[in-house]
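A.B. asks: what would the 3D arrangement of this be:
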Amino acid sequence: MCTGPSRKTPTLGHWLAGLCLFMTAWLHGVAVQAADILLTGAEESPGVQAFVQALSELRPTDNVRFQPLASLPAPGKLPASLRLILLDLPSLDWRLQDSQGPSTLVLRISRLQARQRFADAQPARLSLLWSDPPLSRQLQLIRRILPQARRVGVLFDEHGEFLIDELRAAARPLNLEIVSQRWDNIHDSRPLQAVLKRSDVLLGLDDPDLYNSQTAKNLLLSSYSRQVALIGPNIAFVRAGSLASTYSDQSDWLAVLDHLLDQPTSAWPRTLYPARFKVSSNAQVARSLGIEPLNEASVASALAEGERRP
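C.D. replies: Reported below is the predicted structural model:
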């Protein structure tokens, strides 16, 4: 009689031993993969606390914590394996004091702020996550909501002048003309009036020297009196009276960080605009300009789809 190979039924002891081995290997894998993530800034405000808590909930297996800037040693004395996230400009200035230190994500820094701190010589180990909307995205917003506009007025000063060539390059394939006007003295309205006279729409750069609480009234009333829409520079100006802007909120930034923290630091980009964004508009301003109020979600979706296409 032929017999097959003998089969032994695993005992309970074998099952338990196998389970223990599996659990040990799994826990070891989790321990290896867990990252030490340190966020720092000058102050631990309620907003900062909420942001850190939200990031902790996104990454439950990592050690996510906040430590005030004043309590930290020099960057070079921090562990190389640490993943460092800077939340404000004082923390960036602290990080720039030391060329050594862990790889660092600089959250929500504007193009102008970066230019003022290190011009074109961006230090190693820094990844800059831009706070201002991409210029190309703002121009695409203009094309979508103001399809008849061709001349895009742009005010700039010595700090923002480096962006003008980039703007022109982004405008060219959209058949838009950039009408640039230098504005060095915000108390002199002549440059503002001159650019409004020659433009179909005004695009605001995220330059706090030009777009701030002091200039807002003059900018908004002057553009409104000439029936020239102001696009941007940020969501605060939309609430104050500009027509629309793209922007990224906390949920978008958390998604960016979650994605980057899944990557090895060697794969972190030198600079990055958030791929996720929204559109904000001012319905009252739209009506005053004879424009239909925007479906913000639909416009944002169309812009995002355009960016995904090659």
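A.B. asks: from here on, contacts and neighbour counts on C-alpha atoms
C.D. replies: Noted.
A.B. asks: in three-state terms, label residue 186 for me.
C.D. replies: What DSSP: H, G, I helix; E, B strand; the rest coil gives for residue 186 is coil.
A.B. asks: right, and it touches residue 210 too?
C.D. replies: Yes: look at residue 186 against residue 210 with C-alpha atoms under 8 Å: they come within range, at 6.8 Å.
A.B. asks: next up, the contacts around residue 189.
C.D. replies: Contact analysis of residue 189 by C-alpha atoms under 8 Å, 6 or more residues apart in numbering lists nothing.
A.B. asks: roughly how far does it sit from residue 130?
C.D. replies: 30 Å (C-alpha to C-alpha, to the nearest Å).
A.B. asks: who's more crowded, residue 186 and residue 210?
C.D. replies: Neighbours per residue, other C-alpha atoms under 10 Å: of residue 186 and residue 210, the larger number sits with residue 210, 21 against 16.
A.B. asks: quick check: phi and psi at that one.
C.D. replies: Taking degrees, to the nearest 10, you get phi -100, psi -40 for the backbone angles of residue 210.
A.B. asks: return the distance of residue 99 relative to residue 246.
C.D. replies: Per C-alpha to C-alpha, residue 99 is found 34 Å from residue 246.
A.B. asks: of these two, who's got more company?
C.D. replies: Neighbour count, other C-alpha under 10 Å: between residue 99 and residue 246, residue 246 has more, with 25 against 12.
A.B. asks: before we move on, what SS does the spatially closest residue to the more buried one that is not a sequence neighbour have?
C.D. replies: Nearest residue to residue 246, sequence neighbours excluded (C-alpha to C-alpha, 6 or more residues apart in numbering): residue 279, at 4.4 Å. Three-state call for residue 279 (three-state DSSP): strand.
A.B. asks: for residue 279, give me its contacts.
C.D. replies: 244-247, 296-297, 299-300.
A.B. asks: and the strands in the chain?
C.D. replies: For the chain, strands defined by DSSP state E occupy the ranges 36-40, 63-66, 83-86, 104-109, 126-130, 151-156, 177-182, 201-203, 229-231, 244-247, 271-272, 278-281.
A.B. asks: turn the ones you listed into TSV, including distance to residue 254.
C.D. replies: Shown next, in TSV, are those (distance: least, C-alpha to C-alpha, whole Å):
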stretch	distance to residue 254
strand 36-40	13
strand 63-66	13
strand 83-86	12
strand 104-109	10
strand 126-130	12
strand 151-156	31
strand 177-182	34
strand 201-203	28
strand 229-231	26
strand 244-247	14
strand 271-272	14
strand 278-281	14
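A.B. asks: possible to save those strands as TSV with mean pLDDT and distance to residue 216?
C.D. replies: Output for those, formatted as TSV (pLDDT from 0 to 100; distance: least, C-alpha to C-alpha, whole Å):
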stretch	mean pLDDT	distance to residue 216
strand 36-40	98	32
strand 63-66	98	35
strand 83-86	98	29
strand 104-109	97	22
strand 126-130	97	23
strand 151-156	98	13
strand 177-182	98	17
strand 201-203	98	13
strand 229-231	98	11
strand 244-247	98	15
strand 271-272	96	29
strand 278-281	98	17
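A.B. asks: how long is stretch 256-267 from one end to the other?
C.D. replies: This stretch, stretch 256-267, spans 14 Å end to end (C-alpha to C-alpha).
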